[in-house]
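> I would like to see how this sequence folds:
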Amino acid sequence: MLRIVGFLLVLAVSVVAQISDQSVFNRVMAIEDAGSRAQALEKYLQNNPEVEDRDRVQYRIFSAWVEAGNESNAVRAAKNYIGLFPENGRRSVYNSVAWTLAEANMGLDLAKECADAAVRSARKERSPRLNMILDTQAYVYYRMGEFADAEKIQLEAMKGQEDDPDYASRLALYLYANGKTDLAIETAGRTLLAGGDEGLVKQFDQWIRDKYGATDFPIEKQKIVRNLIKGMLNDPADVKSGIPAVLFMALTKVDLDKAQQWAEQFAASVTEQTPANEKFRIFNALAKVYFSQGKFKQSIRALKEIESRASLFDSGFWYMLGSGYENTGEKDKAVESYLNGMVIRKNGKIQASLERLLGGSKAVAKQVAARKDYFRNFDPGHYKPGSGFKGRVVLAELFTGAECGPCQAADLGMDAIAEFFPRTMVAILEYHLHIPGPDPMTNAHTFEKYRYYGQNFGTPTVFINGRNKLTGGGPAILKKNNFDRYRTVIENYLSENPQFNITTATAYTGDQIDVTIGVKNRGSVSGSVTLQAALVEKHVDYPGGNGINRHAFVVRHLLTGAEGIALSFKNGKAEHNLKLKLETVESRIKKYLDDFEKQPPRRYRGFAGFRARPEKLDRKNLALVLWIQDAESREVYQTVFEDLVPGETAK
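Numbering: from 1, shown residues only. The predicted structure follows:
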């Protein structure tokens, strides 16, 4: 399901970025009734036969007919969509159509044709995405009642993906359908323990009830759960093993008193130094335990600890918060929380709750539209520093891509951070990468920095002061959501005293930058620390495939390389001089882009060159960012952002 959501997200962003008569298209897409929307989209194509992104509009027509439940029109639209692509370019198209039809349980004959064709193509081309395509094929076969084949195909799909909860949850379905109840129960339990979809709980319970009967169900379920989490709750400091066990107990409602005890111990261990993602997991687990116990006030308190970090994609979070408020008689807060869970996509449970509270579907639609407008029109304002700021300048590093659909919200959220905080409090670096497609603002240094941070993440990913890692993005409407997530982590650092002082003496004359950096260790840090320096262009204009056309704080060159320069202190002080010729930077950028266009990596087959090549630096639009970073932990201790003014010497 997640990969289809991701595909549709990129598709939606691309349509908004490229369709010609955008105002008409937007009005059509705003039609609530799916059948009427499909008809209007078909009319739109008739009136705009030369539209550049006809294939994407056609996919929207197909999706709308599926949503409307009109099988014959959905099949017709799917065939029209497929027909827009050459025979040798249909693999991902076949896969998308097959999955969408199977999920809607309609047009299964066409779904099977598409799934089989996608698998044949993937095997022939030795596609690295074969696992995902086999997963789709297995699901289609399951929908058609061919359970043995579905199980066999899914087992092949899971080679190398054994821990993927989405793949495993579907395998559990196929095992049960094949009469392998014990194995299905075990697989479902392990999947839930690994973070699988909570919807699997109902099947897990039903399968245990079917096997043991209603009388023995509670005790047998308890045995199964206890056996699965054996050894996971031994050490109060072992959050990595403990949180999945606590969540599993909360979901299955087994040993809730013990789950509460452990969750509260984990929550008590949280400090200001606890990474943001870990704090979210801990308090989310605690809230779920309280919620399962019917302790709604306690659940709300736990959720409020992490509300600013919650994604609007996480409908489960907003349902739990809304439900908590509803159960404590706070209707207005319940409605607001529920509405947050409907901003990105419709959720059946939340829809039902809102209809009950607001008096029907029309009232819900009106309120959801207003909530979406609130997020679209978000203005961050400006930070008003109080006496709490101690001088520790925070570094926010965003790994992004101009072709990355979900990066849209991350880029805009970081733009809002730049608007909200002055550069004397927060410095920003944006490293562009060729993810998922070629990006001409990528350079050798941005990729080296990606490797420096582990090379084990996608875009968008943000590092706050080197250690707090925040992932996820989305469409533009999530700008505020991402701003809130970043702001919360940033503000945790602003009251801290800086552990280093940095001074600079910079000369920017002609095409040369010469900077002398003085660093003073205030005595609280030992070990290996490095000086890092980046040349950034404060904005670069480039028509990104994700709809972002102005890109901020683009890293053009790392004066110290990705690893930085090790500092040696004498009497707590160190000094270093850096020189840079801008013409040299431009030459390196040009060579990098030339080499990429001449011989792009295999995964970009069909790449015919960049839409534009922003390889020249705007001399009046540059800045230096310098920071002190721990060589081992990657923690950033202090940062300086300095505007570069041509012909000026600054201290």
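
> where do the helices sit along the stretch 401-550 of the chain?
Applying DSSP state H, counting those that start in this stretch to the stretch 401-550 of the chain gives helices spanning 407-420, 444-452, 479-494.

> most packed of the ones you listed?
Comparing the helices of the stretch 401-550 of the chain on average neighbours per residue, with mean count of other C-beta atoms under 10 Å, the densest one is helix 407-420 at a mean of 24. Placement of C-beta: from N, CA and C, glycine included.

> on that earlier part again, for residue 95, find the nearest of the helices of the stretch 401-550 of the chain.
Closest approach to residue 95 among the helices of the stretch 401-550 of the chain (C-beta to C-beta): helix 407-420, 23.3 Å.

> Provide a list of residues in contact with the closest residue to residue 412 other than its chain neighbours.
For residue 412, ignoring the flanking residues on the chain, the nearest one in space by C-beta to C-beta, 6 or more residues apart in numbering is residue 479 at 4.0 Å. Going by C-beta atoms under 8 Å, 6 or more residues apart in numbering, residue 479 touches 375, 378, 409, 412, 413, 415, 416.

> give the contact list for the second one.
Residues touching residue 378, when contacts are defined by C-beta under 8 Å, 6+ apart, comprise 416, 479, 480, 483.

> Sticking with it, tell me its helix or strand.
Residue 378 is part of no helix or strand when elements are defined by DSSP states H and E.

> what about residue 290, neighbour count?
Residue 290 has 26 neighbouring residues, counting by other C-beta atoms under 10 Å.

> That one sits in which helix or strand?
helix 276-293.

> measure residue 28 to residue 570 for me?
In this view, residue 28 and residue 570 are 69 Å apart by C-beta to C-beta, to the nearest Å.

> and the nearest residue in space to residue 520 that is not next to it in sequence, what does it touch?
The spatially closest residue to residue 520, leaving aside those adjacent along the chain, is residue 501, at 4.3 Å (C-beta to C-beta, 6+ apart). By C-beta under 8 Å, 6+ apart, residue 501 lies in contact with 519, 520, 522, 638.

> give me that answer again for 10 Å
Each residue near residue 501 by C-beta atoms under 10 Å, 6 or more residues apart in numbering is listed here: 391, 518, 519, 520, 521, 522, 572, 573, 628, 638, 640.

> List the buried residues of stretch 160-177.
Neighbour counts using 16 or more other C-beta atoms under 10 Å place 164-177 of stretch 160-177 among the buried residues.

> if we can go back for a sec, can you add pLDDT and give the contacts of residue 378 back as CSV?
Below are the contacts of residue 378 laid out as CSV (pLDDT from 0 to 100):
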residue, pLDDT
416, 97
479, 95
480, 95
483, 96
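
> From these, pick the one nearest residue 437.
Lowest distance from residue 437 to these (C-beta to C-beta) belongs to residue 479, with 22.3 Å.

> if I look at the closest one, how far off is residue 209?
Noted for residue 479: a distance of 46 Å to residue 209, by C-beta to C-beta.

> Also residue 233?
Distance of residue 233 to residue 209, computed by C-beta to C-beta: 26 Å.

> repeat for residue 61
Here the criterion is C-beta to C-beta. By it, residue 61 lies 43 Å from residue 209.

> Between those two, tell me which one has more neighbours.
Neighbour count, other C-beta under 10 Å: between residue 61 and residue 209, residue 61 has more, with 24 against 16.

> from the middle of its chain, how far away would the helix or strand harbouring the more buried one be?
Element membership for residue 61 (DSSP H and E) is helix 54-68. Its chain's C-alpha centre and that of helix 54-68 lie 25 Å apart, by C-alpha atoms, centre = their mean, to the nearest Å.

> same check, this time on stretch 594-609
Mean C-alpha position of stretch 594-609 versus that of the full chain (C-alpha atoms, centre = their mean) differs by 26 Å.
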